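# using only what follows, build the 3D model:
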Amino acid sequence: MTAPDQPEHFIRRHGLWSDAQEAMAAEVQRRVEVEGIRLVRLAWTDTHGQTRAKAVTPAALRSALTDGYNINVATWTLDASGGRVFASFTSGGGMGLAEMTGSPNIVAVPDPASFRTLPWAPGIGWMLCDPYFRDGRPFHFGARHVLRRQVAALAEQGLQAIVGLEVEWYLLRLAQEGLDDENLARPGQRPLPPATVAPEPGFSYHSEANMDLMQPVLSALADAYAATGLPLRSVENEWGAGQVECTFDAREALQAADDFILFRSATRQVCRRHGHLASFMCSPGAPSQYPSGWHLHLSLVQAAGGANLFTPAQCDRLLSPLGRAFVGGLLAQAAPALVFATPTVNGYRRFRVNSLAPDRAHWGHDNRGTMLRVLGGPGDPATRLENRVGEPAANPYLFIAAQILCGLDGLRRETEPPPPSENPYQDPAPALPTSLHDALAALERSSLFRDGFGEVYLDYFLKLKRAELARYDDWLAATGVRPEDGVTEWERREYLDAF
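Numbers count the residues shown, from 1 in each chain. As a prediction, the model looks like this:
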């Protein structure tokens, strides 16, 4: 007697994996069994770029590798402090979307190519997931989907984006005595970790002696990065006390964004195990703690062959015509794109004159005061742009997707940028938004982002971030604190341990 046909599993039925991913899934199951892995973290990112996860057993993983795994949409409805923004238990879920009513389940589909074992957590595996609705549609608010669509738009033109990461962050020593009264949270606030600056209250840029004080933690991090396949290039102590910069080899855009997520997670977890807090908050606000940036290096290459299309043929040019058009698009859309690079209230403290961060939309050759710093030139296959507007708390998928969208718009319009600047804090150019409020207003006015990211996504993002901004404004009104007097208690509670 012939057994009835079994229904096709979710992932295969909706064509969510390539043949290569199918083969990788079998290898993941083999490794889990052979290596004695007890739990696998199925991880995803919310809109803020925070990593969320469920740990599943090997048996549950087998099912997840055919049918995905149920997760709640709730993590996309929360602000950075964990507060609910949308009225999930009303018709339309507070978003006017029937499929969001009642905080329903969606399906997290693991990407087998992202599988890792975590060297700092023996017996634990890790995989990134993509969210889907039960009918196989990509979930509206999955940031990895947003970037994947922009990567596909490049591919339609035979192009590929190559991205390098250069990220600053703070290494803070956790006090041993625990929380005191000043660190306890008020209602609706996140408590502060009992952190002090490490390793010294002073600072010295690129000091080998200061780096050596941090070396035990930095060595543990280097080991963790190597064991998880992160292509670390360098580690250095930066300007601020306890400020560290890590750079990584350039990778294809989606892989680079995935690397950033793993890097930020690994750094925070390893540092905790060594009695430290790794904070990717832009400006923690203690004495000698200068703002941290995330400098995004980007070039376009031919999808077939890999030739760098930014490299100029003429000796008197910084970039090829394609590269200049891409720059023109980034400069023209600098204001609406900024909120995806600098999404927190705190991040706008970077944009000051003569601060190693831009305050207006300029470009120039190897000039750290410009928004877009061109590196390379004629004959250099590593010619690229370094966009200096980012903060390390940014969601990498959204930051990179926004850059591709704006650059592609420049290619379509064949934009020619203004002459490069040698005096970026004096030469006239459109000013960058100086607050989260102004950046969100610029985004709301953008037809490019409304078309490129979609109406549903843009309206959702604006509401999510404005709820965060409203809480900040309410706190300022209630306390009488002036933000111009320095980093506020609200910012530290909101961001220091969240990122």
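# for the stretch 251-400 of the chain, which spans come out with low pLDDT?
For the stretch 251-400 of the chain, applying pLDDT under 70 flags the ranges 315-316.
# give me that answer again for 80
Applying pLDDT under 80 to the stretch 251-400 of the chain picks out residues 287-288, 314-316, 352-355.
# which residues in it form strands?
Using DSSP state E, counting those that start in this stretch, the strands of the stretch 251-400 of the chain run over residues 251-252, 276-279, 294-302, 363-365, 372-375, 384-390.
# what do you get for the stretch 51-200 of the chain?
Under the criterion DSSP E, counting those that start in this stretch, the stretch 51-200 of the chain contains strands at 51-56, 69-72, 105-110, 116-117, 124-132, 159-174, 195-197.
# go through the ones you listed and name the closest to residue 39.
Residue 39 lies closest to strand 51-56 among the strands of the stretch 51-200 of the chain, at 4.3 Å (CB to CB). Yep, even glycine has a C-beta here, placed from its N, CA and C like the rest.
# what mean pLDDT does that closest one get?
The average of the pLDDT scores along strand 51-56 is 96.
# paired strands for it, with orientation please.
Applying DSSP bridges to the sheet, strand 51-56 is found paired with strand 39-45 (antiparallel).
# quick one: residues in contact with the strand it pairs with.
Outside strand 39-45, the residues within contact range by CB atoms under 8 Å, 6 or more residues apart in numbering are 32, 51-58, 61, 64, 69, 71, 75, 108, 110, 118, 123-131, 142-144, 261, 265, 395, 397.
# which residues sit in contact with the residue lying closest to residue 149 once chain neighbours are set aside?
Closest residue in space to residue 149, ignoring its immediate chain neighbours: residue 401 at 7.6 Å, by CB to CB, 6 or more residues apart in numbering. Contacts for residue 401 (CB under 8 Å, 6+ apart) come out as 143, 146, 147, 149, 150, 340, 453.
# may I see the buried residues of the helix or strand containing residue 401?
Assessed by DSSP states H and E, residue 401 sits inside helix 396-413. For helix 396-413, burial by neighbour count (16 or more other CB atoms under 10 Å) applies to 396-411.
# can you give me how far it is from the chain middle?
Between the centre of helix 396-413 and the centre of its host chain there is 15 Å, according to CA atoms, centre = their mean, to the nearest Å.
# quick one: name whatever helix or strand follows it.
Later in the chain than helix 396-413, the nearest helix or strand by DSSP H and E is helix 436-444.
# which elements pack onto that following helix?
helix 334-341, helix 455-479 (3 or more CB pairs under 8 Å, 6 or more residues apart in numbering; DSSP states H and E).
# thought residue 326 was touching residue 414, still the case?
No. Applying CB atoms under 8 Å as the test, residue 414 and residue 326 come out as separate, 10.7 Å apart.
# looking at the two, which is more packed in?
Taking residue 414 and residue 326 together and counting by other CB atoms under 10 Å, residue 326 has the greater number of neighbours (31 against 12).
# for residue 268, list the residues it contacts.
277, 278, 280.
# got it, and residue 160?
151, 154, 252, 253, 300, 301, 302, 303, 306.
# so which pair among the contacts of residue 401 is furthest apart in space?
149 and 340 (14.2 Å).
# comparing those two, which residue is more hemmed in?
Shown here are residue 149 and residue 340; by other CB under 10 Å, residue 340 has more neighbours (28 against 15).
# next up, the contacts around the more buried one.
394, 395, 398, 399, 401, 402 are the contacts of residue 340 under CB under 8 Å, 6+ apart.
# doesn't residue 76 make contact with the second one?
Looking back up the chat, that one is residue 395. No. Judged on CB under 8 Å, residue 395 makes no contact with residue 76 at a distance of 11.8 Å.
# now do the shared contacts for the two.
Counting by CB under 8 Å, 6+ apart, the residues touching both residue 395 and residue 76 are residue 47.
# and the helices in the stretch 251-400 of the chain, which stretches?
Counting by DSSP state H, counting those that start in this stretch, one finds helices in the stretch 251-400 of the chain at the ranges 253-273, 321-332, 334-341, 396-413.
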